[in-house]
Structure formats: structure tokens, C-alpha cells
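In: Have a look at this fold, sequence not included:
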């Protein structure tokens, strides 16, 4: 779509919304920012923008005459597509994009895109490092914290964009077509937004919607949903597995990562050379390696980059050791499956801090994964009683309820023995007590440092 002169509604005034408005301004469109939060002020929103293009701002309610005059609407990822205001846009026949679609239509170059319930940020950061070590013009964007829209106007034909894409962002794509996509795994998450597991799966799989036969899709062979999904895809499918050798794909053999492709075997590094812990991170590394290799990076360059890669902040991040107790920040473990990966990475008795906002998840599998490692489960937030009830039902009775994260850290410090670990891996979202998982993780680190 030609954007110049078009009236475009930007729904939401967070990082993504402001990035979208600024990009639209650069493209000569006439952006209109709308935010339903009536506690915001127009001045605050205007202050966050670049400020050198015509802009209208509406807070609380959007006048009907404005709605009927629109050429396009761009939703921030946090705006559900089934709320009345968005349904009205569809009824009016207005095209509704997400910020990913807007950025893709404006941007240039090659796109490598990653989705999945867990592991997206680590895989995106690792692939971003590989590509940045390989060439000059690389952008790492999306759900990782850098708005895709803020980088799109800087992209050139030779650029590579490595994008972390959430299910919220995939709901509103139209033409978005990465050259290489990856779906790392699909487990229960965000059912408060997508309502059913079937819908969540459908949305995740949209990342391949516009890919052609010259493109690639990297899938987890050990995920039954994805194994079946890969059977009928247009792009070439490359599976990864951490538990078996594959006839074609990337796998582990005797602790070494091997890519078998076109009847050739390409050896990569041994997992003990990696600086990221846990089998799930071996899988993340395999996905990133496969994506980089089919995108044209040599095995030697990939090995060098991967072996120098450090763990992502808030993902099983070592914080400090105090009195012989190691503290780990896994605040990005925002659902039970991610938190399972966190506890599986621990190799010592662990005091586990969990709980937070209730996204409708069940916690049985998480509790069953403790495998005798967890000495105490210290619970905070909206879900603390729900998790305690599940733990008691499953025979785990060493639960302690805390009022907040600071109290939870102090309880763990008091009860931990030298040689233990204290792990923040909440299995829940941070909302209600924190703005996001980054703030939760940073506060945890502050509390640990001040012990």
C-alpha cells in the first residue's frame, strides 16, 4: 500500500505504537494515535514521538467521524483483535495491520523470523549475533524489545532483519514473508488472549503463511504439533532434535551438533563449548545454527559466533553467589513450560520463587518436573494459592506464601544452605506487580545484591 497522504490510526501508544507513528510520519502518512487508557495525557504521548510530522492524538474514546475517515489501522501487539473498537474497524472495511506488517511493507532486505512459546529471545539474540558477525547491515527487532517499525526505514536491499515474532504480532500479518522462519515449540500459553489452544496453534503457524518454495522453515521434531505441521508446508522444512538423529535435519551426536542436509553432514561445536545452560538452549542453538546456515553463513563463522555467545538477560541468568548460595534470574520463564526448562537447568538443590499474573495456565507439569531438586517453593502474586493447591494435590508440601518478591528473596536467603541455588522462574506473567518481566528480573537482582 502507498502510505503517503493516507490517514492511519495507530492503536496504542507504547514502544510499538510510537515506533509505528514515527515510521508512518517518515513515509508521509497522516498518523492518528489512539489509546483507550484515559489516565494518559496527550502531552505525554506527543513527547514520546519524533515530533516532526502532523499528528493527531485521541485518548479514551475515538470519535466516530475519525473512524469513518481512516484508510488503514495499525494495532500494537497488546491490543486484542476481538475488542469492540477493533471489530468496528473491520466492519467499516478498514485494513487492520500489526506493526510487523507495517514494518515489513516499508523495510527492505532479507527477513529471518522466529516464533514459539519459549526460547524466542535466546534464539533471536544468538542468530542476531551470528548474522552481525557475518555482515554489516543487521537489525535485531520485534518482541525482543526493539520495535521493528523503528528500524524499517534504515533497511537496505542487502540488510538482514532477525525478528522475534509473538503470537500477538502474527494475528495481524498480511504479506509478511520471512526467507527463513522457525517455530521452536508450541505449549499452552496466552489462552486469556487466544481463548483456545487450537487458535493459539493456528496463529503461531501463520509465520509460514506467505513463504514460498525457495524459503525455509525450521521446526522442532520433538513437538508433535510441529512435526505434523511440517509434513505439508510450501517452504523447505528442516527439523531439529535434541534426543535423536534425523535422516535430514540438525541433531546431537555424542554431545556434538550435526547438520545433515542434502546427503552431507556438517559438524558444529560440542554442547560443552556453549555458554548457555540446559537442553532447551541446545535446541535454541540448533535452530539458530540451521537458520544461519541456510541464510548463507559458513559453518566456521557460525561456530565462532555461537561459542562466544553469552546468556540472554533474565533467562537463567547467573546473578551472584552469596554465602555459598547461587542466585539465578529466570524472570522470562513466564509460563509453566518455560519454567520447566529453568528448573531442569539447575544442577543443585534449589529454592524456587514462582507465581504472578494468572494467564489461565495449569501448573501440574511444572510441579512434577521438580524431580526432587526443589527444597522450597516460595510463591507470590495472584496465582500463589492456585499453585499451592496444585502442589499439595501432587504431594509437594514445602510451599511458602510471600507478600512480594522482596520478601520471597529474603525467605530464600534465610532457608538456603551453602551449595543451594535460588531460582526466580515464576511460570507466570509479571503483570499486576510489575510492568513486565524485565522489571521483575531487575528488581530480583537488586534484592539479591542488597542481601
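Out: Perfect, I can see it now. Bear in mind that the values here come from a model prediction, so they are computed numbers and not experimental data. Residues are numbered from 1 along each chain as shown.

In: how about the helices in the stretch 1-150 of the chain?
Out: Counting by DSSP state H, counting those that start in this stretch, the stretch 1-150 of the chain has these helices, from start to end: 15-26, 42-48, 64-68, 84-91, 99-106, 120-134, 148-151.

In: how about these, which one is nearest residue 441?
Out: For those, the distance to residue 441 is smallest for helix 120-134, at 12.0 Å, taking CB to CB. Quick note: C-beta positions are derived from backbone N, CA and C, even for glycine.

In: Show me what that closest one packs onto, helices and strands only.
Out: Here helix 120-134 is seen to pack against strand 110-115, strand 138-142, strand 160-164, helix 279-294, helix 299-307 when contacts are counted using 3 or more CB pairs under 8 Å, 6 or more residues apart in numbering; DSSP states H and E.

In: Tell me which residues touch residue 239, please.
Out: Applying CB atoms under 8 Å, 6 or more residues apart in numbering to residue 239 gives the contacts 218-221, 227, 230, 246, 248-250.

In: Check residue 286 too.
Out: For residue 286, the set of contacting residues under the criterion of CB under 8 Å, 6+ apart consists of 240, 242, 250-252, 257.

In: Count the residues that sit near residue 134.
Out: 18 (other CB atoms under 10 Å).

In: in stretch 384-401, what counts as buried?
Out: Taking 16 or more other CB atoms under 10 Å as the neighbour-count basis, stretch 384-401 is seen to contain the buried residues 384, 386-388, 390-391, 399-401.

In: And for stretch 24-38?
Out: Across stretch 24-38, burial judged by 16+ other CB under 10 Å covers 24-27, 29-36.

In: Out of those, which is nearest to residue 129?
Out: When the buried residues of stretch 24-38 are compared for distance to residue 129 (CB to CB), residue 26 wins out at 28.3 Å.

In: The closest one contacts residue 53, doesn't it?
Out: Yes - with contact taken as CB atoms under 8 Å, residue 26 and residue 53 are classed as touching, separated by 7.5 Å.

In: For the one helix or strand residue 337 maps to, give me every contacting residue.
Out: With elements taken from DSSP states H and E, the one containing residue 337 is helix 336-344. Contact partners of helix 336-344, identified using CB under 8 Å, 6+ apart, comprise 117-119, 185, 187-189, 278-280, 316, 328, 330, 332-333, 350, 352, 354, 361-363, 365-366, 369-371, 373-374, 423, 425-427.

In: Filter those residues down to the buried ones.
Out: Neighbour-count burial (16+ other CB under 10 Å) is assigned, among the contacts of helix 336-344, to 117-119, 185, 187-189, 278, 280, 316, 328, 330, 332-333, 350, 352, 354, 361, 363, 365-366, 369-370, 373-374, 423, 425-427.

In: Could you tell me which of those residues belong to helices?
Out: Counted as lying in helices by DSSP state H, out of the buried ones among the contacts of helix 336-344, are 280, 365-366.
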